[in-house]
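Student: one predicted model, sequence on top.
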Amino acid sequence: MMPTPSQRFRFVWLLCIVFVLLAACGERPDPATVATGSAPPASHLEQKEAAPVIDREQARRDFAQTPFQVLRIDEREWNGAPALAVGFSVPLDPEAVLDHHLSVMDERGQPMQGGWILDGAAMVAIFPFVLPESRYQVRVAQGLAAITGALLADSHTRTVTTAALPPMVRFTSRGAQLSPRLTDGLEIEAVNVAAVDLDLWQVREDRISAFVASPPGNHQSDIQQLQQIAALIYSARFDLGVEPNHRRRHLLPMQGLKPLETPGVWVAVMKAAGDYPWQYATTWFTVSDLGLHVRRYETQMLAWVHGLADAKADGGVAIELLDARGTVLRSAVSDQQGAVVFEGAEPNGTLVLARKNRQLALVSLQRPALDLSEFGLPARPQRPLELFVYAPRDLYRPGETVVINALLRDHDGRQVTSQPVQATLSRPDGRVYRSFAW
């Protein structure tokens, strides 16, 4: 049974989030020729904490019976820099003047200049104007107002010593697909590092399957073993221009690099410029506009190939199923719908490769099918009632009837007494189209 268009669309974008690959074209460069030089500066990726957005009436109901107390006074990271934090058991009144009840003194007993900020839930007050490896005294005075109207009964004082921020650099993902039209480069995170040295190694064709099944680690001995399975093709230095004592994310530009025009799997090895550590930052990636999705069943395997930039089915793509040794077990060419069907079970299959012209994509069958551990998924607040809404499908044409089902449950997932639910139907631009009682 072939997938519907909406299913194929979802498969492509699921692939964009989860799997990672590479592609390109041309002859393999001479392993003895390594391109070197000074690369363009890395671009800085902004990371800002969200301003507090809180439903005052709902918060008053949720915390009506909760005592208003100071839970902790400690250090936390805010916008990539060290900060002092005071946590409360009840959200604070967003209109309260925090500086009237919260104060910070430095090691010399002098008051610190700056203001306090509330986090998104209004339950943590943050003072971001501090330095690492420093001692501060934080005082919370009684009388501070909570959103419920309660006032803090007691004052609290605590001395906090901020942690050190040693130089650090790392890749934010391990195994990634760089689309030439959708991705600008490799994302890294750095603290107190002004520049990084980057080496790009290309994995040999006959070692791709074994490499994907067990990528090397980041120890110096692992890097030395790369010579046995890959060739060093490109080396460069990237200037980061970081602020002192701030954790920042940067993008190392990869577009336009000639070495990446050769299809294959690449290993990136990175270190702080001028440093020679025992452990290096490593990741592996491919460069490709081919989106490859694989489904494995007991008696068959299905694969679909789409363009990542336009989500259109891609026919004429060579699909190969390999084992751990790199032996091709099955091969086929995708049809006009971008689909390939391998009948029969292949328990020894560990890797699926897709190739077309200057493109190469891969999916490992030994890794988690859906791994979101590298993505920042915001936590949903607990609510006394939850409405679970679902539909038979997620894509409708103009004029079609949309069927929606919903289950109303309490915070433990148990059925609740029937009650009306106020529903709002919004337009794509966010404006309300229709409101009704369900």
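Tutor: Everything's here; your move.
Student: name the element H293 belongs to?
Tutor: Under the criterion of DSSP states H and E, H293 resides in strand 290-296.
Student: after that strand, which helix or strand is next?
Tutor: From strand 290-296 onward toward the C-terminus, using DSSP H and E, the following helix or strand is strand 300-307.
Student: strand 290-296 and that following strand, what's the angle between them?
Tutor: Counting by axes from the mean of the first three to the mean of the last three CA atoms, to 10 degrees, strand 300-307 points 160 degrees away from the direction of strand 290-296.
Student: quick check: buried residues in strand 300-307?
Tutor: Neighbour-count burial for strand 300-307, counted by 16 or more other CB atoms under 10 Å, picks out 301-307. For glycine as for every other residue, the C-beta is placed from the backbone atoms N, C-alpha and C.
Student: any idea how far L182 is from V287?
Tutor: Remark: distance between V287 and L182 (CB to CB, to the nearest Å) = 11 Å.
Student: compare the two (neighbour count), which wins?
Tutor: Higher neighbour count among V287 and L182: V287, with 28 against 11, using other CB atoms under 10 Å.
Student: my read is that that one contacts D184, right?
Tutor: No: using CB atoms under 8 Å as the test, V287 is too far from D184 to be in contact (11.8 Å).
Student: who touches both of these two?
Tutor: The contact sets of V287 and D184 overlap at M254 (CB atoms under 8 Å, 6 or more residues apart in numbering).
Student: helices of this structure, residue ranges please.
Tutor: For the chain, the helices defined by DSSP state H cover 5-18, 56-62, 208-213, 220-225.
Student: lowest-confidence stretch among those?
Tutor: Of all those, helix 5-18 carries the lowest average pLDDT, namely a mean of 39.
Student: hmm, back to that, can you list the strands that the strand holding H293 pairs with?
Tutor: For strand 290-296, the paired strands and their directions (DSSP bridges) read strand 300-307 (antiparallel).
Student: for Y396, give me phi and psi.
Tutor: phi -130, psi 150 (degrees, to the nearest 10).
Student: who's in contact with it?
Tutor: Contacts for Y396 were tallied using CB under 8 Å, 6+ apart; they are V402.
Student: give me the neighbour count for the residue lying closest to A153 once chain neighbours are set aside.
Tutor: Leaving aside its chain neighbours, A153 sits nearest to Q142 (6.1 Å; criterion: CB to CB, 6 or more residues apart in numbering). When neighbours are counted by other CB under 10 Å, Q142 registers 11.
Student: what of V90?
Tutor: Using other CB under 10 Å, V90 has 22 neighbouring residues.
Student: now do the one 3 residues further on
Tutor: For D93, the neighbour count with other CB under 10 Å is 19.
Student: ok, now T183?
Tutor: 20.
Student: now do the same contact list for it.
Tutor: Applying CB under 8 Å, 6+ apart, we find T183 in contact with 177, 254.
Student: let's have the buried residues of strand 300-307 in a markdown table, adding distance to H156.
Tutor: Formatted as a markdown table, these follow (distance: CB to CB, whole Å):
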| residue | distance to H156 |
| --- | --- |
| M301 | 61 |
| L302 | 60 |
| A303 | 60 |
| W304 | 59 |
| V305 | 60 |
| H306 | 57 |
| G307 | 58 |
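Student: any idea which of these is the one closest to V193?
Tutor: Relative to V193, the closest of the buried residues of strand 300-307 is G307; by CB to CB it sits at 36.5 Å.
Student: does the closest one have beta-bridge partners, and which?
Tutor: Residues in beta-bridge contact with G307 (DSSP bridges): L290.
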